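**Q** Coordinates for the following, if possible.
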Amino acid sequence: MTSSKHRRTFLLALYCSGTLFLGSSGLLGAQEPDAQESPAGERPAVHESGTKASAIVLAERLMQRQTPELLLDPVRRDGLIHEIAGVLAQIREAYPEMMEISARQAFEPGMLLLGLEMDLLEAVSDAVAHGNAPATHTGQARFDALNATLGLSDMQLFRHVGVVALHFDGPVSLYAACRAYREIPGVRFAEPDMRTGDGPDMDVAKVQGTWYVIARKAWGDCPAGCIHEEFLYFTAGEGLARRIEASRAMEMQGFAQIMAYRGWN
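**A** I've put the predicted structure just below:
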């Protein structure tokens, strides 16, 4: 695709200039599965911050799938974070090996990369030169209005490759924002700043009051994409965390939703 070609050129230029800001995830070792069913308990305090961090990633990921709105509802976001943190705590208490797997943020939060055509690039460049950064006053009405709506807080202009990196402080739905920017004349591409490599991850879905959680173990040269993977399946609800065998999990709607959305198999 054309946007992928432009982005590869941009990343190469950033890499060569020493300003590459993509991150890569760490690696976690594989663990053997535990097939028993256990009642949920309280989460260990030492793992509380990791549980909250994963809950934030999962809540925002779930909301970005479900809403076409440009901004995530902060009340719903906080409620989901609290609920998902409780779900993960149940599972991790019942199955301690799950403490080694966290939700992986696939892209830099609150950041988009835009490729600009010459006219819009010049307008943004002029705004920056006149001290109007972040560029909410370029004279390009639709571009300025969207920047203001999303709460643009900062920007980096890479004029030599025709790309601008936009930074937002608020709860922006990045996928919805990408779609909105692509509709603006002069925007060649818009996409999140994807992190490099691969690694362990998890994902969630809620169907008829039950939470479905898939944990993906991944190992073996993960900076290049991970050679091996294994999936663990859990449900949580009514104070009980349960491990589900893979053969049965694939017959359950919640797990099927996650696998289809992520392209896992």
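**Q** For Val213, see how far away Gln90 is.
**A** Remark: distance between Gln90 and Val213 (Cβ to Cβ, to the nearest Å) = 10 Å. Yep, even glycine has a C-beta here, placed from its N, CA and C like the rest.
**Q** same thing with Ala106?
**A** 17 Å.
**Q** Then Gly110?
**A** Relative to Val213, Gly110 is positioned 25 Å away (Cβ to Cβ).
**Q** These two: which is more packed in?
**A** Val213 (25 against 19; other Cβ atoms under 10 Å).
**Q** so who does that one touch?
**A** Residues near Val213 by Cβ atoms under 8 Å, 6 or more residues apart in numbering: Val87, Leu88, Ile91, Met202, Asp203, Val204, Tyr233, Phe234, Thr235, Ala236.
**Q** wait, isn't the second one in contact with Ser54?
**A** Going back to what we said before, that points to Leu88. Yes: with contact defined as Cβ atoms under 8 Å, Leu88 counts as touching Ser54 (5.9 Å).
**Q** More neighbours: the two, which one.
**A** Taking neighbours as other Cβ under 10 Å, Leu88 and Ser54 compare with Leu88 leading, 31 against 24.
**Q** which strands and helices sit next to the strand or helix carrying that one?
**A** Using DSSP states H and E, Leu88 falls within helix 74-94. Packing contacts for helix 74-94, counted by 3 or more Cβ pairs under 8 Å, 6 or more residues apart in numbering; DSSP states H and E, involve strand 38-39, helix 48-66, strand 210-219, strand 228-237, strand 240-244.
**Q** one more time with 10 Å
**A** Applying 3 or more Cβ pairs under 10 Å, 6 or more residues apart in numbering; DSSP states H and E, we find helix 74-94 packed against strand 38-39, helix 48-66, strand 201-207, strand 210-219, strand 228-237, strand 240-244.
**Q** Please, which helix or strand holds Leu146?
**A** If you go by DSSP H and E, Leu146 is part of helix 141-150.
**Q** Give me the mean pLDDT for that helix.
**A** Averaged over helix 141-150, pLDDT sits at 94.
**Q** Moving C-terminal from that helix, which element do we reach first?
**A** Counting by DSSP H and E, the next helix or strand C-terminal to helix 141-150 is strand 152-158.
**Q** report the angle between the axes of that following strand and helix 141-150?
**A** Counting by axes from the mean of the first three to the mean of the last three Cα atoms, to 10 degrees, strand 152-158 lies at 130 degrees to helix 141-150.
**Q** Can you tell me the strand partners of strand 152-158 and which way each runs?
**A** strand 163-168 (antiparallel) (DSSP bridges).
**Q** Show the low-confidence segments of the stretch 1-150 of the chain, by residue range.
**A** Flagging of the stretch 1-150 of the chain using pLDDT under 70 yields the residue ranges 1-48, 132-136.
**Q** closest to Asp193 among the contacts of Val213?
**A** Using Cβ to Cβ, Asp203 comes nearest to Asp193 of the contacts of Val213, at 20.4 Å.
**Q** Excluding chain neighbours, give the residue nearest to that closest one in space.
**A** Counting by Cβ to Cβ, 6 or more residues apart in numbering, Ile258 is the residue found nearest to Asp203 once chain neighbours are left out, at 4.8 Å.
**Q** Please identify the buried residues of the host helix or strand of that neighbour?
**A** Here Ile258 is covered by helix 253-262, with elements defined by DSSP H and E. Residues of helix 253-262 classed as buried: Gly254, Phe255, Gln257, Ile258, Met259 (neighbour count, 16 or more other Cβ atoms under 10 Å).
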